[in-house]
Every structure is written in structure tokens, then in C-alpha cells.
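Undergrad: Please work out how this folds:
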Amino acid sequence: MSDPQTAQPCSLPLRSYGYVLLVLLILFSGRVLAQLIQAWVPVRFLPPFDAWHSGVLPYPALVLIQLIIIGLCLGAVWKVLAGSVVLSPRKGRILLALGLVYFGVMALRLAVGVFLAPDHFWFGARLPTLFHLVLAAFVLLYGRLHSACRRERTERSREGVL
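TA: A predicted model of the protein is given here:
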């Protein structure tokens, strides 16, 4: 079992983790923005609103949850890029476990939607599923950062070099 003193040093500089997390967050935020555009002022170059929405949640509730997720992810990215993240191997293990389950369920959802039930409202919702995979990748990478990196940070790690 890994603790803060025995965790391995980062295989990548903190900033590298931060930049990849930022790209994943930008992708998810783009999805949220695209659906908002299609809800309010539809444009032809984006998929229609219904392609972005599986209908499981009412759209206003979905947007609120998405904005909360964006805020939480933005806070995590900010701390990683600033070098102020407090790393916790325990938190990392929890995030990795949750991320693996999340990714697995969404990968299964996508496969069922493509091969078995393309017309089902939940399984056939490919765009939402793809962006769930993006969020799952964020959780997995953030968990990897926590589980694989030492808690003690040096000045070199704050500068992005380990």
C-alpha cells in the first residue's frame, strides 16, 4: 500500500499532467457550449440538440450539473498547473477505481449503442457517451497523478521539472 512517503515520483512533470487535464476540460466545456448553442440559437455546423442530449435529466438540471463539474475540474487543473495540488495516494486510488468503473460503463454503453441498440434513447446517445469517456479520462488521469506522485513537492516540481 502506498503512502505519501513511499509513493513514486511523477513519471511526468506536474505541468504535463495539468496541460492534459486542461485539454480534457476544454473538450468537455466545448460539448457543454455546443449544446447550449443548439438549445438557444441552433446553427447548422453543429449536431442538433437531441444528438447532445440523452434525455435522462431535464436540460436545466443537466446544465447546472455540467457547470458544477466544470468548476470542480477547473479548480483541479488550476492547482496542478500552479504546483499547489496536495497529492494523496489514497485519493488517487479512489479516483482510479471510480474512473475505471465510469470508463467501463460508458465504453459498454457505447458498444451496446453501436452494435445492439442504436435506437435506444440512452444506449444510442453517442455524443453524450463520448464526452462521458472524456470525463472518465479526466478522473483517471487525475487519479493517476495522485496515486503515482510523491506528496512532497520540490521547487523543481513546481517549475514542471522532476
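Undergrad: Sticking with Leu110, tell me its helix or strand.
TA: helix 89-115 (DSSP states H and E).
Undergrad: helices and strands around that helix, which ones?
TA: On a contact count with 3 or more CB pairs under 8 Å, 6 or more residues apart in numbering; DSSP states H and E, helix 89-115 meets helix 126-148. From N, CA and C alone the C-beta is placed, and that goes for glycine too.
Undergrad: Would you pull up how far the helix it packs on lies from the middle of the chain?
TA: Relative to its parent chain, helix 126-148 has a centroid offset of 4 Å by CA atoms, centre = their mean, to the nearest Å.
Undergrad: residues of it that come out buried?
TA: Buried residues in helix 126-148, defined by neighbour count with 16 or more other CB atoms under 10 Å: 126-129, 131-148.
Undergrad: if we can go back for a sec, quick one, the helix holding Leu110 and helix 126-148 angle?
TA: Angle, helix 89-115 to helix 126-148, by axes from the mean of the first three to the mean of the last three CA atoms, to 10 degrees: 160 degrees.
Undergrad: In this structure Asp69 contacts Leu135, no?
TA: That one is not Asp; residue 69 is Ile. Yes: counting by CB atoms under 8 Å, Ile69 touches Leu135, with 7.1 Å between them.
Undergrad: what touches both of those two?
TA: Both Ile69 and Leu135 are contacted by Phe28, under the criterion CB atoms under 8 Å, 6 or more residues apart in numbering.
Undergrad: so where's the chain shaky on pLDDT?
TA: Counting by pLDDT under 70, the chain shows low-confidence ranges at 1-12, 150-162.
Undergrad: 90 instead?
TA: Segments of the chain classed as low confidence (criterion: pLDDT under 90) are 1-14, 55, 148-162.
Undergrad: Distance check, Val86 against Leu110.
TA: Per CB to CB, to the nearest Å, Val86 is found 34 Å from Leu110.
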